[in-house]
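Undergrad: turn this into a model:
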Amino acid sequence: MGFIIFRCSLVSDLDKVGFAVVGLGVIGQVHASNISSLEECRLVAVVDQVRERAEETGRRLGATPYNSIDDALKNPEVEAVVIATPSYLHAPQALYALQHGKHVLVEKPMATTLRGARLIVRTAERMRLRLGVVFQERFLEAARRLKEALSNGLLGRVYLIEAELKWWRGESEYYRSDPLACSWRGYWETEGGGVLMNQAIHTIDLILWLGGDVEKVSGITANALHPSIEVEDVATAVIKFKNGSLGAISATVNTRPTTRQYRKIRVYGEKGHAEIHDLSLSMWLDDGEVNVDGSMISFGELHRKLAAEFASCIRRGDEFPVEGTEGIKSIELIKAIYLSSERGEIVSLPLIEGEDSL
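TA: The predicted structure follows:
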């Protein structure tokens, strides 16, 4: 006698959060695919200015395609919007979605200016809506284990945090790879910055999460090897955290050979030290060693965890771990580094009125 097996979701369709994904480039496709397969979510709509791309993605993932965010926001089944468009569109599109009563999960940077980021946060608070920022590395096991170790005092008093990002982004294959890239990448007005604002911002978010708020910073930025862009391709900064510990940031997209790219975060305490190398953690203590291997993590896996948590927080009414107020912190520090480099002086945080227009 045969058996019929029925597979049912633990979450009913009525309980699933209806999402629209705006912007279907590489990272937008990741978000759309993740959301379409998550138990907590339902992919209702996909939006892209390229009609064929929106239609193909909609057919493949079972979502309604749109060519404008305006039309997608009129769909009553859309409760939350993922903004994955070029950086200069993040703030206006996030504001527009919030004003239509939608929760927003916005890619980094949440805005190209600090003033814009603050405006989004105020709007979300006024509308009583969830505003999340895509800092998916907060969901990295190596980072969470290090955060837990610091919270439990395993390393003792921390006195130094170092961050290095040594990547490669070529002019022809990245900044000028196609007409769309040429229209916004590498310009202050549309990208808001260079290696710090685009590539190193995840690493900066992590050191702020691990080390706390910053009191002051001194930084120098430069464009060494990318003559076709306005923004920096190399930057260094020294920071003092409010808790008294020191920090150092070094970032570039000029690393050659390209096979030697890496990201490292080192935390030094009175009882030991730890290092996150790309996605893995090693921690050395007087009484032993702790290792977390992240080498098998696939691209998009952390985005998936973040989206699932965002949807769950909407349904539970809980605070999302990477709310807009957290997204502001990295932007403020980056803008302070730019100010320091421009003025040739130490800059104190928080940035005051007039400095937040950067």
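Undergrad: can you give me the helices for the stretch 1-150 of the chain?
TA: 26-37, 51-61, 69-73, 87-99, 114-127, 141-151 (DSSP state H, counting those that start in this stretch).
Undergrad: can you say which of those helices is nearest to Lys216?
TA: Lys216 sits nearest to helix 114-127 of all the helices of the stretch 1-150 of the chain, at 16.4 Å, using CB to CB. For every residue, glycine as well, the C-beta is placed using N, CA and C.
Undergrad: before we move on, the earlier item: which one, of the helices of the stretch 1-150 of the chain, ends up nearest to Glu342?
TA: Glu342 sits nearest to helix 114-127 of all the helices of the stretch 1-150 of the chain, at 14.7 Å, using CB to CB.
Undergrad: how about the CA coordinates for that closest one, as PDB?
TA: Listed next in PDB are the C-alpha coordinates belonging to helix 114-127 (Å, rounded to 0.1, in the frame of the first residue of the first chain):
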ATOM      1  CA  LEU A 114      24.600  61.400   6.400                       C
ATOM      2  CA  ARG A 115      21.800  63.800   6.200                       C
ATOM      3  CA  GLY A 116      19.900  61.500   3.900                       C
ATOM      4  CA  ALA A 117      20.400  58.600   6.200                       C
ATOM      5  CA  ARG A 118      19.100  60.500   9.200                       C
ATOM      6  CA  LEU A 119      16.100  61.600   7.200                       C
ATOM      7  CA  ILE A 120      15.200  57.900   6.400                       C
ATOM      8  CA  VAL A 121      15.500  56.900  10.100                       C
ATOM      9  CA  ARG A 122      13.300  59.800  11.200                       C
ATOM     10  CA  THR A 123      10.700  58.900   8.600                       C
ATOM     11  CA  ALA A 124      10.600  55.200   9.600                       C
ATOM     12  CA  GLU A 125      10.200  56.200  13.300                       C
ATOM     13  CA  ARG A 126       7.400  58.600  12.500                       C
ATOM     14  CA  MET A 127       5.600  56.100  10.300                       C
END
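Undergrad: from the contact counts, what lies against it?
TA: Counting contacts by 3 or more CB pairs under 8 Å, 6 or more residues apart in numbering; DSSP states H and E, helix 114-127 packs against helix 87-99, strand 103-107, strand 131-134, helix 324-343.
Undergrad: got the domain ranges for this protein?
TA: The chain breaks down by automatic domain parsing into domains covering 17-137, 140-297+324-348.
Undergrad: follow-up on the earlier one: so which of the helices and strands packed on helix 114-127 is nearest Asn254?
TA: Closest to Asn254 of the helices and strands packed on helix 114-127 is helix 324-343 (CB to CB; 16.9 Å).
Undergrad: ok, then the element right after the closest one?
TA: Note on helix 324-343: by DSSP states H and E, the next helix or strand toward the C-terminus is strand 347-348.
Undergrad: any idea of the mean pLDDT for that following strand?
TA: For strand 347-348, mean pLDDT is 97.
Undergrad: output the contacting helices and strands for that strand.
TA: Applying 3+ CB pairs under 8 Å, 6+ apart, one finds that strand 347-348 makes contact with strand 214-222, helix 324-343.
Undergrad: may I have the strands that pair with that strand, each with its orientation?
TA: Here strand 347-348 is paired, per DSSP bridges, with strand 214-222 (antiparallel).
Undergrad: buried set for the strand it pairs with?
TA: Buried positions in strand 214-222, judged by neighbour count with 16 or more other CB atoms under 10 Å: 214, 217-219, 221.
Undergrad: same question, stretch 204-214
TA: Neighbour-count burial for stretch 204-214 [16+ other CB under 10 Å]: 204-212, 214.
Undergrad: ok, stretch 19-27 next?
TA: Using 16+ other CB under 10 Å as the test for burial, stretch 19-27 gives 19-24, 27.
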